[in-house]
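J.: Sharing a model prediction with you, sequence too.
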Amino acid sequence: MHRPMEGVRVLEVAQFTFVPAAGAVLADWGADVIKIEHAERGDAQRGLVRVLGYEAASQGSSFFPIMEGPNRGKRSVGLALERPAARPVLEKLIRESDVFLTNFLPEARAKLRIDLDDVRAINPDIVYVRGSGFGPRGDEADKGGYDSTAFWARGGSASGVTPPGADRMTRMPAGAYGDSMGGMTLAGGIAAALYSRAVTGEPSVVDVSLVGVGAWATQFTVNLALMTGGPLPANPPPRHGSATNPLIGAYRTADGRWIELSMLQPGRYWAEFCTLAGREDLGTDARFDSTDKLMANAAEAAGLVAELIAARPFAEWTEILARGEGQWAAVQNAWEVGQDPALRANGMIAPVVDADGVPRELVASPVQFDETPADITRAPQFAEHTDDVLRELGLTDEELIALKLDGAAT
């Protein structure tokens, strides 16, 4: 398979998911990604034992999905960057890298001397990449942020999915939800910067903020609000269907599952749906026998659709609807997503062998090249590759031992 990032070295000084996820995508695409973890503490995310009420690791094994997803395919080096003895090693790594990737805040970058000017003084050609909560300029440039705050809350998604008058805010549907989108966005920016450097010879500084990714995700309603000059009025959807289309929206099946219909041309699909549902008479009913009448009587038609779908179980409806041409989807839980036939047919659920030699599976990054699924490898154990990488830099065994005795490496 063509791996477009082969030959590119990425030096990652980052933790948690947002920015490391970008490194994972680049590793999927063939880059050599070296992850710097603190020599004693490692990536802070390794310490999360429960996430969203779930155990974060597979019991009795080294498999740790919260680390595997955003760190697969990398090599881990344990360095205490605050210790003087680690500095020559870091500088060697910077000299031999194409990309420097970080989510450290400005104060930490300055303290560790890994800010833009520090890194460019060592390697003037390096692409310097910052992931942040709120961007590199403005009063909040020094402020940290997670996807729950910068992406979900500040970026408009939380407000968009929380019903008016609700007694609690709707939470993100999955852990690292905005982080994963942000990581893919960063990877795309890095690819563009590398192309620009190859064409012009000039390296770029790449910035992606979680609040920016959040605003991009909600851009349709944000753009409407900007056009109208104020907040959009509350516009709760009807209980079933939409105001003018009964074949849009979520409908509950007899066994409590959900089917999402999205047939944007109601006149085209109404008769077919009625026939599939065993109510061919509704397709020619005088209330619904033209597009205009169907739209005018959408609420009544949607009530009938709800009754029809509520009369049969989920599995029966998925089989029935699969026979038609209209657009719809089963509302799937996390396990069903992992078994989704389209994802599996396209190699989007990827095999990987964990550190204990156990076969596992992970969601692959969604970009493929040459119609070939990515060949991924597991995330590194903490500081697993320190010796290998430092020897590649030319350090002797004696120098390695000295670094470890100093506490600068592990």
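T.: It's in. Numbers count the residues shown, from 1 in each chain.

J.: Which parts of the stretch 301-410 of the chain are strands?
T.: 328-330, 349-353, 359-363 (DSSP state E, counting those that start in this stretch).

J.: I'd like to know which of those strands is closest to residue 192.
T.: Proximity to residue 192 (C-beta to C-beta) singles out strand 359-363 among those, at 23.9 Å. Heads up, the C-betas are built off the backbone N, CA and C, glycines and all.

J.: Next, format the strands of the stretch 301-410 of the chain as TSV and append distance to residue 31.
T.: Putting these into TSV (distance: least, C-beta to C-beta, whole Å) gives the following:
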stretch	distance to residue 31
strand 328-330	34
strand 349-353	17
strand 359-363	18
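
J.: Now mean pLDDT and distance to residue 389 too, for the ones you listed, in CSV please.
T.: Below are the strands of the stretch 301-410 of the chain laid out as CSV (pLDDT from 0 to 100; distance: least, C-beta to C-beta, whole Å):
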stretch, mean pLDDT, distance to residue 389
strand 328-330, 98, 45
strand 349-353, 97, 21
strand 359-363, 97, 24
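
J.: wait, which of the ones you listed is closest to residue 299?
T.: strand 328-330 (20.0 Å).

J.: Can I get stretch 48-65 in PDB? Just the C-alpha atoms.
T.: Extracted C-alpha coordinates of stretch 48-65, given in PDB (Å, rounded to 0.1, in the frame of the first residue of the first chain):
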ATOM      1  CA  LEU A  48      -7.100   7.500  33.800                       C
ATOM      2  CA  VAL A  49      -8.500   4.200  35.100                       C
ATOM      3  CA  ARG A  50     -12.200   5.000  34.600                       C
ATOM      4  CA  VAL A  51     -13.700   7.100  31.800                       C
ATOM      5  CA  LEU A  52     -17.400   7.900  31.500                       C
ATOM      6  CA  GLY A  53     -18.100   5.300  34.200                       C
ATOM      7  CA  TYR A  54     -16.300   2.500  32.300                       C
ATOM      8  CA  GLU A  55     -13.100   0.700  33.100                       C
ATOM      9  CA  ALA A  56     -10.500   2.200  30.800                       C
ATOM     10  CA  ALA A  57      -8.300  -0.900  30.400                       C
ATOM     11  CA  SER A  58      -8.900  -4.600  29.600                       C
ATOM     12  CA  GLN A  59      -8.800  -6.400  32.900                       C
ATOM     13  CA  GLY A  60      -5.600  -8.300  33.500                       C
ATOM     14  CA  SER A  61      -3.900  -7.100  30.300                       C
ATOM     15  CA  SER A  62      -1.900  -4.200  29.000                       C
ATOM     16  CA  PHE A  63      -4.600  -3.200  26.400                       C
ATOM     17  CA  PHE A  64      -5.700   0.300  27.200                       C
ATOM     18  CA  PRO A  65      -8.100   1.700  24.500                       C
END
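
J.: hmm, back to that, would JSON lines of the strands of the stretch 301-410 of the chain with distance to residue 178 and mean neighbour count be doable?
T.: Below are the strands of the stretch 301-410 of the chain laid out as JSON lines (distance: least, C-beta to C-beta, whole Å; neighbours: other C-beta atoms under 10 Å):
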{"stretch": "strand 328-330", "distance to residue 178": "22", "mean neighbour count": "17"}
{"stretch": "strand 349-353", "distance to residue 178": "22", "mean neighbour count": "16"}
{"stretch": "strand 359-363", "distance to residue 178": "16", "mean neighbour count": "14"}
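
J.: Ok, which of those comes nearest residue 407?
T.: Comparison of the strands of the stretch 301-410 of the chain against residue 407 by C-beta to C-beta identifies strand 349-353 as nearest, at 32.6 Å.

J.: what angle do the closest one and strand 359-363 make?
T.: Angle, strand 349-353 to strand 359-363, by axes from the mean of the first three to the mean of the last three C-alpha atoms, to 10 degrees: 140 degrees.

J.: what's the spacing between strand 349-353 and its chain's center?
T.: The chain centre lies 18 Å from the centre of strand 349-353; the measure is C-alpha atoms, centre = their mean, to the nearest Å.

J.: ok, residue 244 touching residue 295?
T.: Yes - Residue 244 is within contact range of residue 295, at 4.3 Å (criterion: C-beta atoms under 8 Å).

J.: what is in contact with these two at once?
T.: residue 266 (C-beta atoms under 8 Å, 6 or more residues apart in numbering).
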